[in-house]
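Asker: Give me a model of this one.
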Amino acid sequence: MKILVVEDEQRVAQFIQKGLKEEGHAVDVAHDGEEGEYLGEINEYDLIILDVMLPKKNGFEVCRELRERGVGSPVLMLTARDAVEDKVRGLDAGADDYLTKPFAFEELLARVRALLRRASESKSPILKIADLELDPMSRRVTRAGQPIRLTTKEYALLEYMMRNPGQVLSRTRIGEHVWDMNFDPESNVIDVYVSHLRNKVDKGFEPPLIHTLRGQGYMLTDEAPPA
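Answerer: Okay, here's the model as predicted:
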């Protein structure tokens, strides 16, 4: 999943980013409210982790304005205060959950999983393309009923492709969503991962589902791709 962390404390932001990346998520970081609001509006995130006390614009304002502009990404707000009125204010601004600092990273992960699971359930419980199935709840992948074992990053790549079937996915688009906004599109890392994924998902099965569109990117489809 692609997550935006809006946190002005560098050490806290790095701590959260590192932990989420180890879980296989693509993570962008903003260090003030204006930058966070800008990234939240122009990019599509599966979750936004938003600190309350931010330079330039506080988290309440950022959350409220994102909601007013139609951004529906789940928002987990962070605050150093455990005051009831702050929680109410955050929830009224459009936040989905609240976590008080300091927090154990395990609790943050549990809340992240819950929000992502809730969002996934509202989209589609099981993703299917031909006989390929991916269950976001259990992270189980099968093809023709046979289980397919994937690494964390291979799973993230396949889930992104299955949520965008029949679409041409450029290396830049894949890199920004599955890795982060600082990903170098000239790198061959995506090609390597697609090759690994193709060996696991397509090898020994018909029809092939992962297609390369020369000069454009990749497409996941059970139909003939455009020439």
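
Asker: what number of residues lie near P74?
Answerer: 21 (other C-beta atoms under 10 Å). The way it works is simple: take the backbone N, C-alpha and C, and place the C-beta from them, glycine included.

Asker: got it, and E176?
Answerer: Going by other C-beta under 10 Å, the residues that sit close to E176 add up to 19.

Asker: Help me confirm that it is found in a strand?
Answerer: No. Assessed with DSSP: H, G, I helix; E, B strand; the rest coil, E176 is helix; it does not lie in a strand.

Asker: who's in contact with the spatially closest residue to A119 that is not a sequence neighbour?
Answerer: Excluding its sequence neighbours, the residue lying closest to A119 (C-beta to C-beta, 6 or more residues apart in numbering) is P74, at 5.5 Å. Residues in contact with P74 (C-beta atoms under 8 Å, 6 or more residues apart in numbering) are D46, L47, I48, D96, D97, L115, L116, R118, A119.

Asker: Compare the residues you listed and tell me which is most surrounded.
Answerer: Counting by other C-beta under 10 Å, top hit in the contacts of P74: I48 with 28 neighbours.

Asker: Sort out for me which of the contacts of P74 are in strands.
Answerer: If you go by DSSP state E, these have L47, I48, D97 in strands.

Asker: if I look at the last one, how far off is D8?
Answerer: Applying C-beta to C-beta, to the nearest Å, one obtains 20 Å for the distance of D97 from D8.

Asker: which outside residues touch the longest helix anywhere in the chain?
Answerer: Identified as the longest helix of the chain according to DSSP state H is helix 105-123. With C-beta under 8 Å, 6+ apart as the test, helix 105-123 has contacts from 1, 3, 15-16, 19-20, 23, 46-47, 49, 74, 76, 96-97, 99, 136-137, 163.

Asker: just how off-centre is it within its chain?
Answerer: Relative to the centre of its chain, helix 105-123 is centred 11 Å away, using C-alpha atoms, centre = their mean, to the nearest Å.

Asker: and if you look at stretch 158-172?
Answerer: Taking mean C-alpha positions (C-alpha atoms, centre = their mean), stretch 158-172 and its chain are 13 Å apart.

Asker: next one: stretch 49-65
Answerer: Using C-alpha atoms, centre = their mean, the offset of stretch 49-65 from its chain centre is 20 Å.

Asker: CA atoms only for that stretch - export them in PDB, please.
Answerer: In PDB, the C-alpha atoms belonging to stretch 49-65 read as follows (Å, rounded to 0.1, in the frame of the first residue of the first chain):
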ATOM      1  CA  ILE A  49      -0.600   9.300   9.000                       C
ATOM      2  CA  LEU A  50      -1.000  12.900  10.100                       C
ATOM      3  CA  ASP A  51       0.600  14.600  13.100                       C
ATOM      4  CA  VAL A  52      -1.500  17.400  14.700                       C
ATOM      5  CA  MET A  53       1.300  19.800  15.700                       C
ATOM      6  CA  LEU A  54       2.800  20.800  12.300                       C
ATOM      7  CA  PRO A  55       4.600  24.000  11.000                       C
ATOM      8  CA  LYS A  56       2.700  26.200   8.600                       C
ATOM      9  CA  LYS A  57      -0.700  24.400   9.000                       C
ATOM     10  CA  ASN A  58      -1.800  22.100  11.700                       C
ATOM     11  CA  GLY A  59      -3.100  18.600  11.200                       C
ATOM     12  CA  PHE A  60      -6.800  19.500  11.900                       C
ATOM     13  CA  GLU A  61      -6.700  22.100   9.100                       C
ATOM     14  CA  VAL A  62      -4.900  19.700   6.700                       C
ATOM     15  CA  CYS A  63      -7.400  16.900   7.400                       C
ATOM     16  CA  ARG A  64     -10.500  19.200   7.000                       C
ATOM     17  CA  GLU A  65      -9.300  20.700   3.800                       C
END
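
Asker: That concludes my questions; thank you for your assistance.
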